[in-house]
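Asks: give me coordinates for this.
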Amino acid sequence: QVQLVESGGGLVQAGGSLRLSCAASGRTFSNYAMGWFRQAPGKERGYVATISRSGDTTTYADSVKGRFTISRDNAKNTVYLQMNNLKREDTAVYYCAVGTYVYIVSPSSWDYWGQGTQVTVSS
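Replies: As a prediction, the model looks like this:
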């Protein structure tokens, strides 16, 4: 079992930045790929970014490429999502998740999930 706790969400104006954190416990953090996903009201949960166990491989959804950066600190059992130049369409609940393969981005393939943190971008 893995426990994940997200933090760092909030209300920000369009063009602003936020940094999300996800602290993991329960298993060896560095054994797993990590991902960020989001779910807007009335929409399905979707992929945002993933990072490999060592952190040397990252992937991004086209909608966030160039604006968001995923990173991890295995010594702190924490994964981050730096979000810059935020847009209204980034408004969603953001979830971190534990998985096995960095290139498999379907949410159904990820094993453990946090409770989510709300990000709201105003115009």
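
Asks: ok, which stretches of the protein are strands?
Replies: 3-7, 10-13, 18-25, 33-39, 46-51, 58-60, 68-73, 78-83, 92-99, 112-113, 117-122 (DSSP state E).

Asks: most neighbours per residue, which of those?
Replies: Greatest average neighbour count among these goes to strand 33-39 (a mean of 24), per mean count of other C-beta atoms under 10 Å. Quick note: C-beta positions are derived from backbone N, CA and C, even for glycine.

Asks: sheet partners, orientation included, of that strand?
Replies: If you go by DSSP bridges, strand 33-39 pairs up with strand 46-51 (antiparallel), strand 92-99 (antiparallel).

Asks: which of those sits closest to Val2?
Replies: Val2 sits nearest to strand 92-99 of all those, at 5.1 Å, using C-beta to C-beta.

Asks: what does that closest one contact?
Replies: Residues outside strand 92-99 that contact it (C-beta atoms under 8 Å, 6 or more residues apart in numbering): 2, 4, 6, 9, 20, 22, 24, 32-40, 43, 45, 48, 50, 79, 81, 107, 109-119.

Asks: so how far is that strand off the chain centroid?
Replies: Relative to the chain's own centre, strand 92-99 is displaced by 5 Å; criterion: C-alpha atoms, centre = their mean, to the nearest Å.

Asks: same question, stretch 88-102
Replies: Put simply, stretch 88-102 sits 4 Å off its chain's centre (C-alpha atoms, centre = their mean).

Asks: where in this protein is pLDDT low?
Replies: For the chain, no stretch is flagged by pLDDT under 70.

Asks: most centrally placed residue in it?
Replies: The residue lying closest to the centre of the chain (C-alpha atoms, centre = their mean) is Trp36, at 2.2 Å.

Asks: name the nearest residue to Tyr94, ignoring sequence neighbours.
Replies: Distances taken as C-beta to C-beta, 6 or more residues apart in numbering place Arg38 nearest to Tyr94, at 4.9 Å, with adjacent residues excluded.
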